[in-house]
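from the sequence below, what's the structure:
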Amino acid sequence: MAPILASSGNSKAANRLYSIYSVFCHQLAFRSFFIFGDQAVYPRELAHIEDLYTYEQQFNDPSLDVIKASRTIGNTESGYKIALCERDLAIYSSLGLSALVFQLLKRKTKAIPWYWWFIIALIPIAIDGFSQLPGISDGWPAWLPRRESTPFLRVLTGTLFGGVTGLYMFPLMEDSLKETRYTLLRQREILKATSKQYEK
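Next up is the predicted model:
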């Protein structure tokens, strides 16, 4: 809703939504999707994506001010950014989709082993995310490569993380709730039996 409100001139309501979602996401413009504009993404020059205007070109920020990039919402030419970055949008969407699939399967799926979650979900997102740090901040050794991930890799690693985390987490949560339910029922039966003994 934030970019829709911004594009329709409701900047106050849009800014309120961007502010709320900033708690959950860095909202960097060069790592976010845009709608209602010339391009869906404006990646950094460091991402080396051809045939696209870069963030530096579109928003006149050659020095890469991350605070400015976070506060950049967009305009009628560029469009307006979604309030969650590409990776976070993929994480939350795939997590929600895995919850829906789990519900449709009547909660009968078993949790995947933790090491598959670690290999498929955690390692790719960690490599893609942390390897960008030298390219966005100072003080790193000169031998570390400077890189910027692409929208495709952010969506891919985010989708893997969210979807596989759901496959791992939701069955475990269901099993835990079943155990809690069983324990509560047993306690209620014991209390009933005890109260009947006292009545006698």
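
for the rest of this, base every contact and every neighbour count on C-alpha atoms.
Will do.

tell me if residue 84 really is in a strand.
Yes - according to DSSP: H, G, I helix; E, B strand; the rest coil, the state of residue 84 is that of a strand.

domain boundaries for the protein, per the record?
Per the record, the chain has its domains at 2-85, 88-199, by automatic domain parsing.

now residue 104: how far from residue 160?
Residue 104 sits 20 Å away from residue 160, going by CA to CA, to the nearest Å.

neighbour count for the two, which is higher?
More crowded of residue 104 and residue 160, by other CA atoms under 10 Å: residue 160, with 22 against 10.

confirm for me that that one is in contact with residue 121.
Yes - using CA atoms under 8 Å, residue 160 is in contact with residue 121, at 5.3 Å.

which SS state does the residue sitting nearest the centre point of the chain fall under?
Against the mean C-alpha coordinate of the chain, by CA atoms, centre = their mean, the closest residue is residue 88 at 2.0 Å. With three-state DSSP as the basis, residue 88 sits in helix.

which residues does the closest residue to it other than its chain neighbours contact?
In this structure, residue 88 finds its nearest non-sequential neighbour in residue 158, 6.5 Å apart by CA to CA, 6 or more residues apart in numbering. Residues in contact with residue 158 (CA atoms under 8 Å, 6 or more residues apart in numbering) are 87, 88, 89, 90, 91, 125.

got those as CSV, with pLDDT and distance to residue 133 columns?
As requested, those are exported to CSV (pLDDT from 0 to 100; distance: CA to CA, whole Å):
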residue, pLDDT, distance to residue 133
87, 97, 15
88, 96, 17
89, 97, 20
90, 97, 20
91, 97, 20
125, 97, 13
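
farthest pair in those residues?
For the contacts of residue 158, the maximum inter-member distance is 13.7 Å, found between 89 and 125 (CA to CA).
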